[in-house]
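Asks: Fold the following.
(2 chains)
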2 protein chains.
Amino acid sequence: MERIPLSMGSLRTLPWYVGASQVLGVACVVITGVWMGHYHGGYAWDGSAQEFNVHPLCMVLGLVFLYGDAVLVYRVFRNESKRSVKILHALLHMMALIISIVGLVAVFDFHATAKISNMYSLHSWCGMLTFVLFILQWLLGLGLFLFPWASAQLRGWYLPLHVFFGLLLLAMSIGTCLLGITEKLLFNIMSTYSEFAAEGVLANTLGLLLVCFGVVVGYVATREDFRRPPNPEEEALSVHFKTLSEGEIPSSP
Amino acid sequence: MERIPLSMGSLRTLPWYVGASQVLGVACVVITGVWMGHYHGGYAWDGSAQEFNVHPLCMVLGLVFLYGDAVLVYRVFRNESKRSVKILHALLHMMALIISIVGLVAVFDFHATAKISNMYSLHSWCGMLTFVLFILQWLLGLGLFLFPWASAQLRGWYLPLHVFFGLLLLAMSIGTCLLGITEKLLFNIMSTYSEFAAEGVLANTLGLLLVCFGVVVGYVATREDFRRPPNPEEEALSVHFKTLSEGEIPSSP
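Replies: Numbering: from 1, shown residues only, chains lettered A, B, ... in the order given. Reported below is the predicted structural model:
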């Protein structure tokens, strides 16, 4: 009876999960684009409602799809050098950051032209909190992991926090999108939403697909046997929190 | 220079995190109660808008606070027998389930009396999905972990899925609450919400506190050095997925 290690066997399913995440992510971006394009008159950059439409598209593309893909690179590029993968991770997050800044400028610009208050809704509170934490997380990640000045102990302390807050921010991004979808529907089609208007069903479906994208990315990122195999050559340069946390540190300097 | 193991040192912070989670959880339940009591006329069970008010209170109490506490018992009762903690975990989830059923009956009953459509909003879609998955998760957990008939291999396969979906469902519960808060505010105070009406600020604050509760519970549950220490006496009865996944399984029966 032939035996194979379970971790090798389960790795065969990784491409299917990654493929599913990409189908879901692209579907979310396309549906957001179609929703704003077909039901709300397309896109512009003139302070009009069409400039607002840039906002959901940029946030779903930047803070959900690209953000999720930046998380996945550590699982997809398992055998590339850790440094290359780190740079790709940082670059994807930088693209996510730039696109989400465009999305934020679009909504503030639209509000300014239409004389609508800013930052009063739960959507805006959650969104701004997510955005500020995302910038902090990106700067800390860049400073501590990509540049060489941080000590192994500092990196070891920060790594699990970076991973935890990374997935938390993806969840908060998706939650904020769902709040935005609900706001947009209640502002625009409150009277027909309860009659299952096509726009409402489309936007609800977008909400569920966003949740599914987050679930697949979160599952791939946290599944124990999808982790990168430790590379002895990189051990000296990198750091593994588990080793540190099971070791000893001085109780006083 | 005295040295202490890092994992022992970090365990000292566990009570603070657990304390913070309880303060946040109680604050969420109280603020929900005050919001519905003070701004929406209190509680009743007669199909009126006051019966609707039972819905948010029960969902926050059941599917957020009690659910979160059920997750935490594995970290809080680190030195009790695993079987006792499992029973407490299942009982807290059963209370969460019963209270959330009362909350669901309240909103369907109110809708029936007021002739309002059911299940058209993203809030209702996410909420129903969360509730159905919660029942499935509870039944599978009960059947596989509490009763003795499941094989160690089956338990080992299901444990990481149970943990992943457990935290996912907490995130989905909290996300659904945030959608409910946004719906309630836009249905009731749309014109004054953008002028920072007190009710809007209170409900937004509730939303952020719900997120904070979820963050603290998620952090305590996933932090490596807060895990239960393995108990050799229980090893024979229980199962650790890591051991299994690093071992071998037959590739064919």
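
Asks: drop to CA atoms for contacts and neighbour counts, all remaining ones
Replies: Will do.

Asks: and the stretch 51-200 of chain A, which of its residues are near chain B?
Replies: Contact residues (CA under 8 Å from any CA of the partner chain) of the stretch 51-200 of chain A with chain B: A:116-118, A:120-123, A:125-126, A:160, A:164, A:168, A:171, A:175, A:178-179, A:182-183, A:186, A:193-196, A:200.

Asks: one more time with 7 Å, if that's ok
Replies: A:117, A:120, A:122, A:175, A:179, A:182, A:193-194, A:196 (CA under 7 Å from any CA of the partner chain).

Asks: Now the buried members of the residues you listed.
Replies: Buried subset of these (neighbour count, 16 or more other CA atoms under 10 Å in any protein chain shown): A:120, A:122, A:175, A:179, A:182, A:193.

Asks: Go through those residues and name the one nearest residue B:215.
Replies: Lowest distance from residue B:215 to these (CA to CA) belongs to residue A:175, with 13.4 Å.

Asks: Find the residue closest to the closest one in space, skipping its chain neighbours.
Replies: residue B:175 (5.6 Å; CA to CA, 6 or more residues apart in numbering or on different chains).

Asks: report the angle between the axes of the helix or strand where the one you found lies and helix A:152-193?
Replies: Using DSSP states H and E, residue B:175 maps to helix B:152-193. Interaxial angle of helix B:152-193 relative to helix A:152-193 (axes from the mean of the first three to the mean of the last three CA atoms, to 10 degrees): 60 degrees.

Asks: which stretches of the stretch 101-250 of chain A aren't confidently modelled?
Replies: Along the stretch 101-250 of chain A, the model assigns pLDDT under 70 to residues A:231-250.

Asks: Please, where are all the helices along it?
Replies: Along the stretch 101-250 of chain A, the segments classed as helices by DSSP state H, counting those that start in this stretch run A:122-141, A:152-193, A:198-222, A:232-235, A:241-246.

Asks: Minimum distance to residue B:41: which of those helices has it?
Replies: Using CA to CA, the helices of the stretch 101-250 of chain A put helix A:122-141 closest to residue B:41, at 22.8 Å.

Asks: for the closest one, the distance to its chain's centre please.
Replies: Distance, stretch centre to chain centre, for helix A:122-141: 11 Å (CA atoms, centre = their mean, to the nearest Å).

Asks: Show me what that helix is packed up against.
Replies: helix A:152-193 (3 or more CA pairs under 7 Å, 6 or more residues apart in numbering or on different chains; DSSP states H and E).

Asks: For the helix it packs on, which helices and strands make contact with it?
Replies: Using 3+ CA pairs under 7 Å, 6+ apart: helix A:152-193 touches helix A:122-141, helix A:198-222, helix A:241-246, helix B:152-193.

Asks: I'd like the helices of the stretch 101-250 of chain A as a markdown table, with distance to residue A:95 appended.
Replies: Shown next, in a markdown table, are those (distance: least, CA to CA, whole Å):
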| stretch | distance to residue A:95 |
| --- | --- |
| helix A:122-141 | 11 |
| helix A:152-193 | 15 |
| helix A:198-222 | 18 |
| helix A:232-235 | 27 |
| helix A:241-246 | 28 |
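
Asks: any idea how far the residue nearest the centre of chain A is from chain B?
Replies: Taking CA atoms, centre = their mean, the centroid of chain A lies closest to residue A:67, which sits 3.3 Å from it. From residue A:67 across to chain B, the span is 18 Å (CA to the nearest CA, to the nearest Å).

Asks: isn't that residue right next to residue A:93, touching?
Replies: Yes: taking contacts as CA atoms under 7 Å, residue A:67 lies within contact range of residue A:93: 5.9 Å.

Asks: Contacts only, for residue A:32.
Replies: Counting by CA atoms under 7 Å, 6 or more residues apart in numbering or on different chains, residue A:32 touches A:56-57.

Asks: Please, which helix or strand holds the nearest residue to residue A:212 once chain neighbours are set aside?
Replies: Using CA to CA, 6+ apart and skipping the chain neighbours, the partner closest in space to residue A:212 is residue A:24 (7.2 Å). Using DSSP H and E, residue A:24 sits in helix A:14-34.

Asks: Buried residues of that helix, list them for me.
Replies: Buried-residue list, helix A:14-34, by 16+ other CA under 10 Å: A:14, A:18, A:20-22, A:24-29, A:31-34.

Asks: ok, now stretch A:162-174?
Replies: A:162, A:164-174.

Asks: Repeat that for stretch A:205-223.
Replies: A:205-221.

Asks: export it as CSV, just CAs?
Replies: Output of stretch A:205-223 as CSV, limited to C-alpha atoms (Å, rounded to 0.1, in the frame of the first residue of the first chain):
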residue,chain,number,x,y,z
THR,A,205,-25.0,38.9,-4.6
LEU,A,206,-21.9,41.1,-4.8
GLY,A,207,-21.9,41.3,-1.0
LEU,A,208,-22.0,37.5,-0.7
LEU,A,209,-19.2,37.1,-3.3
LEU,A,210,-17.0,39.5,-1.3
VAL,A,211,-17.6,37.4,1.8
CYS,A,212,-16.7,34.2,-0.2
PHE,A,213,-13.5,35.9,-1.5
GLY,A,214,-12.5,36.8,2.1
VAL,A,215,-13.3,33.3,3.3
VAL,A,216,-11.2,31.6,0.6
VAL,A,217,-8.2,34.0,1.1
GLY,A,218,-8.4,33.6,4.9
TYR,A,219,-8.6,29.8,4.7
VAL,A,220,-5.6,29.6,2.4
ALA,A,221,-3.6,32.0,4.5
THR,A,222,-4.3,30.2,7.8
ARG,A,223,-4.4,26.5,6.8
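
Asks: sorry, back to before: columns distance to residue A:49 on top of the helices and strands packed on helix A:152-193, output as CSV?
Replies: As requested, the helices and strands packed on helix A:152-193 are exported to CSV (distance: least, CA to CA, whole Å):
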stretch, distance to residue A:49
helix A:122-141, 18
helix A:198-222, 17
helix A:241-246, 48
helix B:152-193, 19
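
Asks: Of those helices, give the one that comes closest to residue B:112.
Replies: Using CA to CA, the nearest of these to residue B:112 is helix B:152-193, at 17.8 Å.

Asks: between the closest one and helix B:14-34, how many degrees?
Replies: Going by the same axes, to 10 degrees, helix B:152-193 makes 50 degrees with helix B:14-34.

Asks: Which residue would be the closest one in the stretch 51-200 of chain A to chain B?
Replies: residue A:122 (5.0 Å; CA to the nearest CA).

Asks: so what's that residue up against?
Replies: B:182, B:204.

Asks: what's the answer for the one 5 residues further on, then?
Replies: The neighbourhood of residue A:127, defined by CA under 7 Å, 6+ apart, consists of A:173, A:176.

Asks: and it, how far is that from residue B:81?
Replies: Distance from residue A:127 to residue B:81, counting by CA to CA, to the nearest Å: 42 Å.

Asks: now do the same end-to-end measure for stretch A:51-67.
Replies: Start-to-end, stretch A:51-67 (CA to CA) is 23 Å.

Asks: brain fart, stretch A:190-205
Replies: Using CA to CA, the two ends of stretch A:190-205 sit 17 Å apart.

Asks: For residue A:195, give me the backbone phi and psi.
Replies: Dihedral angles of residue A:195 (phi, psi; degrees, to the nearest 10) stand at phi -100, psi 20.
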